[in-house]
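[1] Task: produce atomic coordinates for the following.
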Amino acid sequence: MADQIVNAGNGDFINLGDPTDTDQVYTTGQRQISTDAQNEMRKYPALVLMDLQNRGGPQTRAYLEALKELAASQRIYGHWPKLPARIED
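    Next up is the predicted model:
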């Protein structure tokens with residue numbers, strides 16, 4: 001199956017993700033990956049996130065970018081980005 005795209009009613013379309021290719025916790029739709037990403041971003045002050053972005057390795061920067069993208073979306077289904085083993089990665 002492919003990503004589900006829905007009309008928001010104002011001419012905008014929202015990508016909800018693919019319900020058949022998602023982490024187990026998101027299959028019911030009761031938890032949303034975008035909400036989990038927003039909650040994760042709220043755990044850290046903006047300066048800490050900026051420091052991680054500046055000092056982290058390529059995997060850390062990719063993780064933070066994926067997290068920001070998910071937090072800004074309205075996706076319900078998806079896969080949580082892979083967390084690097086170390087910040088330097």
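[2] correct me, but residue 26 touches residue 78?
    Yes. Residue 26 lies in contact with residue 78 (C-beta atoms under 8 Å); the separation is 6.7 Å. C-beta: built from backbone N, CA, C; applies to glycine.
[3] so where do the strands sit in this structure?
    Counting by DSSP state E, the chain has these strands, from start to end: 4-7, 13-17.
[4] The shortest one packs against which elements?
    To tie it back to what came earlier, the one meant is strand 4-7. Judged by 3 or more C-beta pairs under 8 Å, 6 or more residues apart in numbering; DSSP states H and E, strand 4-7 is in contact with strand 13-17.
[5] now the strand it packs on: mean pLDDT?
    Strand 13-17 shows a mean pLDDT of 89.
[6] pull the longest helix from the protein.
    If you go by DSSP state H, the chain has its longest helix at helix 58-72.
[7] What lies in contact with it?
    33-34, 36-38, 40-41, 49, 52-53, 56, 78, 81-84, 87-89 (C-beta atoms under 8 Å, 6 or more residues apart in numbering).
[8] TSV for the strands of the chain, including mean neighbour count and distance to residue 60?
    Output for the strands of the chain, formatted as TSV (neighbours: other C-beta atoms under 10 Å; distance: least, C-beta to C-beta, whole Å):
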stretch	mean neighbour count	distance to residue 60
strand 4-7	11	31
strand 13-17	16	24
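[9] List the contacts of residue 37.
    67, 68, 70, 71, 73.
[10] which of the contacts of helix 58-72 count as buried?
    Among the contacts of helix 58-72, those buried by neighbour count (16 or more other C-beta atoms under 10 Å) are 33, 34, 36, 37, 41, 56, 78, 81, 84.
[11] Find the residue at the geometric middle of the protein.
    By C-alpha atoms, centre = their mean, the chain has its centre lying nearest to residue 70, at 2.7 Å.
[12] quick revisit: any idea how far the longest helix of the chain is from the middle of the chain?
    Helix 58-72 sits 7 Å away from the centroid of its parent chain (C-alpha atoms, centre = their mean, to the nearest Å).
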